[in-house]
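Enquirer: got a sequence here, can you build the structure:
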Amino acid sequence: MSLFVGDRVLVPIDFSQDSFKALDETLNFVQDPNKITVIHVLLPLESVDPGVIWSTLNNETREHNVKTSFYERYPKSLVDNLKLVIKIGNPSLAIVDYANKNNIDFIVIASHGRTGLNYFLLGSVTEKVVRLAQCPVLVWRDYQSV
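Expert: Numbering: from 1, shown residues only. Predicted coordinates:
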C-alpha cells in the first residue's frame with residue numbers, strides 16, 4: 001500500500017457504474033474496508049420539487065433511500081466495516097470540505113469522461129475536487145466502458 005500516504009481514503013459515489021467501479025477497485029487495492037469512507041452528496045431540495053410540495057419527500061427520506069440502495073449492493077460483512085457518509089449540498093464542495101475536516105489522506109473519484117458541451121453545461125465534480133482538494137486525488141476512469 002505504498003501509494004497511500006495514510007489510512008484515510010475517501011471514495012465519492014454518485015450511484016453510477018463508474019463510481020461503483022472506483023469503489024470496487026479501491027476495496028481491492030486497500031484490502032481494509034476500515035480505511036475507506038464512502039461519501040454521497042445529495043443536492044439540496046427545492047421548494048418547488050413535487051415531493052416537497054406534496055410532503056412526500058424530505059432529506060431524511062432521501063438519506064434512508066441512499067443507505068438502503070448502497071446496502072443492497074454490497075454484502076453486510078463489507079458495509080459493516082465501511083463508513084458511509086451522506087451530505088447535502090454542492091457535490092464538489094461537500095467532498096472537499098469533508099476531506100479537509102476529516103484529515104483524509106487520499107481521494108479516489110470516478111470520472112465520467114464528459115467532454116465538450118456536456119462538460120460545459122454540467123461542469124465536472126471530479127475536476128473541481130482535483131483542483132480544490134488539499135490531499136492527493138486519484139481519478140478513476142474505466143476505459144472499457146467508453
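Enquirer: ok, then the element right after the helix or strand of the chain with the lowest mean pLDDT?
Expert: Least confident element among the helices and strands of the chain, by mean pLDDT, DSSP states H and E: helix 116-122 (a mean of 45). With elements assigned by DSSP states H and E, the helix or strand that comes after helix 116-122 is helix 125-132.
Enquirer: only alpha carbons, please: show that following helix as CSV.
Expert: Taking Å, rounded to 0.1, in the frame of the first residue of the first chain, the C-alpha atoms of helix 125-132 are listed here in CSV:
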residue,chain,number,x,y,z
VAL,A,125,-17.4,17.4,-9.9
THR,A,126,-14.2,15.4,-10.4
GLU,A,127,-12.3,18.3,-12.0
LYS,A,128,-13.3,20.6,-9.1
VAL,A,129,-12.3,18.1,-6.5
VAL,A,130,-8.9,17.6,-8.2
ARG,A,131,-8.5,21.4,-8.2
LEU,A,132,-9.7,22.2,-4.7
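Enquirer: which strands and helices lie in contact with the helix or strand that that helix is followed by?
Expert: Counting by DSSP H and E, the element after helix 125-132 in chain order, helix or strand, is strand 137-140. Packing contacts for strand 137-140, counted by 3 or more C-beta pairs under 8 Å, 6 or more residues apart in numbering; DSSP states H and E, involve helix 17-30, strand 106-110, helix 125-132. C-betas here are computed from N, CA, C, even on glycine.
Enquirer: just want the angle from the shortest one to helix 17-30.
Expert: Compare the direction of strand 106-110 with that of helix 17-30 by axes from the mean of the first three to the mean of the last three C-alpha atoms, to 10 degrees and you get 140 degrees.
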